[in-house]
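> When you get a sec, could you give me coordinates for this:
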Amino acid sequence: MESNFYNKDPDDNRSYQKTVAMCVAAASAVILLFLVVLYVNSDKETAKPKPQTAKTEEKTDEDDFLKESHNITSDELEFWEDAKKPKPLPEEDEGELTPYRDPDTVYEDDDISPTDKKAGKTNTTDGSNNDTYVVDEGSTGKTSKNKRDENGETGEGSLNNLNEDNSGSEDREGYIAVTDENGKKKYYEILSDVPKNDYDFTGDHLLSDNGILTYKDSKRESIKGVDLSKYNGSVDFNKLKENGVGFVMLRLGSRGYGTGRINLDEKFVEYAQNAQLAGIQIGAYFYSQAINETEAVEEANYIIGAVSGFNVKYPIAIDVERVEGDEARTDKLTDKERTAIVKSFCDAVKGYGYKPIIYAAKDMLVSGLNLEDLADYDVWLSDYNTPTDYPYRFSMWQYSKRGKIDGITGDIDLNMSFIDYEQK
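Modelled structure (predicted):
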């Protein structure tokens, strides 16, 4: 049977139309309500700050500082620091200022003990005080007084090489300059009871021939020498002899600065044999890292046992150095302890019938040892300033570590001896 919308009953048709109209009205109401809600929300959004776009995100340094400064106190703010700093004195007043001088402190120009100064006494000392006064370079002249056996350590420092500019080594009368481990120059009073050297390095007493120094005065004439270790490699001792080398100081061994183990220099026997075959006198040295007197005697016994098969005429040396750039077992030694170690080594060597000598850099001798207690022993000085300003007695001088000489490839330590140990 045919079923068509237009064939429906008129009442049904009207009922359907009414239903459609109501649906349209309801939908319109919903749409209107949605638009009202959307409008209200849009008004609220316009009241909020607009988000920054890529174009407006450029920040200043001040923005970043404030954003990250939520935990910064007022003490850390730059303007606060400026407010706390004392204002500089006017330039015209600077020339009239007098450095502060503490009444209880000994200054370089006081020449009086702290006790006497505090008691109000005047400068009445005769210069016989043997305490050491250390003056830091660049200070206002303030001087601290230190006994020689106190625990005031200074590093070996960087001494100028031969022929380099030594303009920074100005003298202060009565003092000797050394350089500490931080490269800072300090001045130590020259001790009156330590024997002084009588060398005259003025005029033509000290001569240089291609960097090789010779010394001659009315009392003595120096003997050319070198010192060698395994690091020097192959050595032609005949050429050394032809170039006037009269002695070599050979490293016999060393003690590890970390392990404490004793090691023989692998080139010692070869060097000693070839040097003597070439007619060059030999001596020996031991790189010490002893931390007590027992170990010092152990090192002396070791070196004497190793040289016993050779005709050793030149000294047996204890090499006293600080280890730079690493921790060493000797770092905490006091001057008094180090001096006792050196003395024990030298006494043991002397007891065997050999000639002991102390090898050390100028600053170690001045600031790391009590020279008053070592006056009975010869000193082998290491100082690359020419001429040296070391005031105390020394019998050998290592004056260069970058020398050149036929018979050895590369840099070599150059030495001179003021004593002919072969005849001594």
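
> just checking, what packs against the lengthiest strand in the chain?
Ranked by number of residues, the top strand in the chain under DSSP state E is strand 245-255. The contact analysis (3 or more Cβ pairs under 8 Å, 6 or more residues apart in numbering; DSSP states H and E) places strand 245-255 against strand 223-228, strand 262-264, helix 268-277, strand 281-287, helix 293-307, strand 412-417. All C-beta spots, glycine's among them, are computed from the backbone N, C-alpha and C.

> Recalculate using a threshold of 7 Å.
strand 223-228, strand 262-264, helix 268-277, strand 281-287, helix 293-307 (3 or more Cβ pairs under 7 Å, 6 or more residues apart in numbering; DSSP states H and E).

> And for that strand, what's in contact with it?
223-229, 261-265, 268, 271-272, 275, 280-290, 299, 302-303, 306-307, 314, 317, 415, 417 (Cβ atoms under 7 Å, 6 or more residues apart in numbering).

> still on that earlier bit, quick one, which of the helices and strands packed on strand 245-255 is nearest to Ile405?
Nearest to Ile405, of all these, is strand 223-228, at 6.9 Å by Cβ to Cβ.

> List the buried residues for the following helix or strand past that closest one?
For strand 223-228, the following helix or strand on the C-terminal side (DSSP states H and E) is helix 237-242. By 16 or more other Cβ atoms under 10 Å, the buried positions in helix 237-242 come out as 237, 240-241.

> From the residues you listed, pick the one nearest Ile31.
Leu240 (112.1 Å).

> thinking again about what came up before, mind saving the C-alpha coords of the longest strand of the chain as CSV?
Output of strand 245-255 as CSV, limited to C-alpha atoms (Å, rounded to 0.1, in the frame of the first residue of the first chain):
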residue,chain,number,x,y,z
VAL,A,245,135.5,18.9,32.8
GLY,A,246,137.4,17.7,35.9
PHE,A,247,134.6,16.1,37.9
VAL,A,248,131.1,14.6,37.6
MET,A,249,128.6,14.3,40.3
LEU,A,250,126.5,11.1,39.6
ARG,A,251,123.1,10.4,40.9
LEU,A,252,123.4,7.1,42.7
GLY,A,253,119.8,6.6,43.7
SER,A,254,116.7,8.1,45.1
ARG,A,255,113.9,7.4,47.6
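
> Direction included, what does it pair against?
strand 223-228 (parallel), strand 262-264 (antiparallel), strand 281-287 (parallel) (DSSP bridges).

> List of residues touching the shortest one?
Spelled out, it's strand 262-264. In contact with strand 262-264 (Cβ under 7 Å, 6+ apart) are residues 253-256, 299, 302, 306.

> Now stretch 206-221 - C-alpha only, CSV.
The C-alpha trace of stretch 206-221 is given here as CSV (Å, rounded to 0.1, in the frame of the first residue of the first chain):
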residue,chain,number,x,y,z
LEU,A,206,134.1,35.3,37.2
LEU,A,207,134.2,34.7,33.5
SER,A,208,131.8,33.0,31.0
ASP,A,209,132.8,31.1,27.9
ASN,A,210,129.6,30.1,26.0
GLY,A,211,127.7,29.9,29.2
ILE,A,212,130.4,27.8,31.0
LEU,A,213,131.6,29.8,34.0
THR,A,214,135.1,29.8,35.5
TYR,A,215,136.3,31.6,38.7
LYS,A,216,139.8,32.6,39.8
ASP,A,217,141.2,34.8,42.5
SER,A,218,144.4,34.9,44.5
LYS,A,219,143.4,31.9,46.6
ARG,A,220,141.7,29.5,44.2
GLU,A,221,140.7,28.5,40.7
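
> Any buried residues in that stretch, and which?
Here stretch 206-221 shows 206, 212-213, 215 as buried, counting by 16+ other Cβ under 10 Å.

> got it, and stretch 292-299?
293, 295-299.

> Let me see the mean pLDDT of it.
Regarding stretch 292-299, the rounded mean pLDDT is 98.

> coming back round to it: out of the contacts of strand 262-264, what pair is the most spread apart?
Maximum pairwise distance among these (Cβ to Cβ): 17.2 Å, between Gly256 and Ala306.

> Can you add mean pLDDT and distance to Ile357 and give the strands paired with strand 245-255 back as a markdown table?
Shown next, in a markdown table, are the strands paired with strand 245-255 (pLDDT from 0 to 100; distance: least, Cβ to Cβ, whole Å):
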| stretch | mean pLDDT | distance to Ile357 |
| --- | --- | --- |
| strand 223-228 | 98 | 12 |
| strand 262-264 | 96 | 20 |
| strand 281-287 | 98 | 8 |
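
> Relative to Lys401, which of those is closest?
Among the strands paired with strand 245-255, strand 223-228 sits nearest to Lys401 (Cβ to Cβ), with 9.6 Å.
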